[in-house]
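*Asks:* What follows is a predicted structure for the sequence shown.
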Amino acid sequence: MKSFTDYLWFETKKRKEIVHVTPLVQDLVHRSGITEGLCLVSAMHITSSIFVNDHESGLHEDILSWVEKLAPVLPDYKHHETGEDNGDAHLKRLLCGHQVTIPVTQGSLDLGPWEQLFYGEWDGQRRKRVVVKVIGE
């Protein structure tokens, strides 16, 4: 079995943003030379997410609204007593998840017809990374 590891770096212009990353991850799968296996994509920061969903702008607006309703920006999170101001971002990560594993078949991500891969940033405007690990043959 072979393995391949690389990193994607993000520095979003907004504090909260959804970034389409399927082509970037697919490029890494091709570079790995692995044709059958698994691809793990994992956000390495506790205020960002990786998730699979539809690539549709209205849905992305809905996701941003939904996470804001469930984990709104508030001044009174206990986490803020440590000097931080991003308690909501930690909760948003819990809602959207921190990693996904996608099958690799014939050298490509084996996604469903409408599935695409996204990086969710909940406390952005600074440099963060995502690990991509491909394992298989």
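*Replies:* Yep, that arrived.
*Asks:* The spatially closest residue to L95 that is not a sequence neighbour and V25, how far apart?
*Replies:* Once flanking residues are discounted, L95 sits nearest to V67: 5.4 Å by C-beta to C-beta, 6 or more residues apart in numbering. In this view, the C-beta of every residue, glycine as well, is placed from N, C-alpha and C. The gap separating V67 from V25 is 22 Å, by C-beta to C-beta, to the nearest Å.
*Asks:* try D85
*Replies:* Distance from D85 to V25, by C-beta to C-beta: 31 Å.
*Asks:* With neighbour numbers in mind, choose between these two.
*Replies:* V25 (23 against 13; other C-beta atoms under 10 Å).
*Asks:* what sits against that one?
*Replies:* Counting by C-beta atoms under 8 Å, 6 or more residues apart in numbering, V25 touches L8, C39, V41, I102, L109, L117, V132.
*Asks:* just checking, the last one touches L40?
*Replies:* This means V132. Yes. In terms of C-beta atoms under 8 Å, V132 counts as a neighbour of L40; the distance is 7.3 Å.
*Asks:* helix or strand for F118, which one?
*Replies:* strand 116-121 (DSSP states H and E).
*Asks:* on contacts alone, who are the packing partners of that strand?
*Replies:* Here strand 116-121 touches strand 2-10, strand 17-20, helix 22-32, strand 36-43, strand 48-53, helix 87-96, going by 3 or more C-beta pairs under 8 Å, 6 or more residues apart in numbering; DSSP states H and E.
*Asks:* and if we set it to 7 Å?
*Replies:* strand 17-20, helix 22-32, strand 48-53 (3 or more C-beta pairs under 7 Å, 6 or more residues apart in numbering; DSSP states H and E).
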